[in-house]
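Colleague: Predicted model, plus sequence, below.
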Amino acid sequence: MKYQKLILATNNKHKIAEMTAVLEGLDIGLLSKSDFTDFPDIAETGTTLEENALLKARGIFAKYKIPCIADDTGLMVKALDGAPGVYSARYAGEQCSFLDNNLKLLSEISAVPESARGASFVAVIALVDSAGEHLFVGEVSGMIMTELRGKNGFGYDPIFFYPPGKKTFAEMTSDEKNEISHRGRALQKLLEWLTLDQ
């Protein structure tokens, strides 16, 4: 195994749960915010998902000198020219809730017909260690619903419909979502890289 410890550099408990579910089988000690008393909050000032993921991973690695991963995720809606994109987490404002973001997006595309509601989720995971930096990208295509459906997941999961599964992400179990989601796909690429022969 490449590492003894790996920091999950996020303050989002939902992301920590998804990352842990995919990576917990490794012989690596997974650390997160709860394992530190002075875990910094890195500002996402980048203009791309890649920049934000790297900013967070670099910041945490610089502080603790332990290999770490950070992700940034965006929902790209075709009818909105790719918005909310890099601003997905704060689409309805800096202190907004998941519901605020969902309702704003539904309002923005209320006049858009179902046939034009295509969207994609993109997750970029950045890994930073003493040897350098790596990026792992996952993407999944779907469409935006006209209303919220499902109680699971977080973020835009209640309005993101995945046609092959005939469900929104919020109607899926954690295992179902991790199998096909943008973050799940990026994490699988990370997992493959971590388990390559030295």
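Modeller: Now that the structure is in, tell me what you want to look at.

Colleague: I figured residue 17 hits residue 174, correct?
Modeller: Yes: look at residue 17 against residue 174 with CB atoms under 8 Å: they come within range, at 7.5 Å. The way it works is simple: take the backbone N, C-alpha and C, and place the C-beta from them, glycine included.

Colleague: Show me the residue sitting in the middle of this protein in space.
Modeller: residue 73 (4.2 Å; CA atoms, centre = their mean).

Colleague: all strands for the protein, in order.
Modeller: Using DSSP state E, the strands found in the chain span residues 5-8, 29-31, 68-77, 84-85, 118-129, 132-144, 160-162, 167-168.

Colleague: Make JSON lines out of those and add mean pLDDT and distance to residue 55.
Modeller: Formatted as JSON lines, these follow (pLDDT from 0 to 100; distance: least, CB to CB, whole Å):
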{"stretch": "strand 5-8", "mean pLDDT": "95", "distance to residue 55": "15"}
{"stretch": "strand 29-31", "mean pLDDT": "93", "distance to residue 55": "19"}
{"stretch": "strand 68-77", "mean pLDDT": "96", "distance to residue 55": "8"}
{"stretch": "strand 84-85", "mean pLDDT": "96", "distance to residue 55": "16"}
{"stretch": "strand 118-129", "mean pLDDT": "97", "distance to residue 55": "8"}
{"stretch": "strand 132-144", "mean pLDDT": "97", "distance to residue 55": "11"}
{"stretch": "strand 160-162", "mean pLDDT": "97", "distance to residue 55": "25"}
{"stretch": "strand 167-168", "mean pLDDT": "97", "distance to residue 55": "30"}
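
Colleague: Which residue comes closest to residue 42 once chain neighbours are left out?
Modeller: Leaving aside its sequence neighbours, residue 42 sits nearest to residue 59 (CB to CB, 6 or more residues apart in numbering; 4.1 Å).

Colleague: Now do the contacts for that neighbour.
Modeller: 9, 40, 42 (CB atoms under 8 Å, 6 or more residues apart in numbering).

Colleague: Who are the packing partners of the least confident helix or strand in the chain by mean pLDDT?
Modeller: Least confident element among the helices and strands of the chain, by mean pLDDT, DSSP states H and E: helix 13-23 (a mean of 89). If contacts are counted by 3 or more CB pairs under 8 Å, 6 or more residues apart in numbering; DSSP states H and E, helix 13-23 sits against strand 5-8, strand 29-31, strand 68-77, helix 174-180, helix 182-194.

Colleague: hmm, 7 Å instead?
Modeller: Under the contact criterion of 3 or more CB pairs under 7 Å, 6 or more residues apart in numbering; DSSP states H and E, helix 13-23 touches helix 174-180, helix 182-194.

Colleague: Show me which of the contacts of residue 59 is closest to residue 139.
Modeller: residue 9 (21.3 Å; CB to CB).

Colleague: And that closest one, how far from residue 35?
Modeller: Counting by CB to CB, to the nearest Å, the gap between residue 9 and residue 35 amounts to 12 Å.

Colleague: Residue 88 too?
Modeller: On the measure of CB to CB, residue 88 and residue 35 end up 27 Å apart.

Colleague: Look at those two and report which has more neighbours.
Modeller: residue 88 (21 against 13; other CB atoms under 10 Å).
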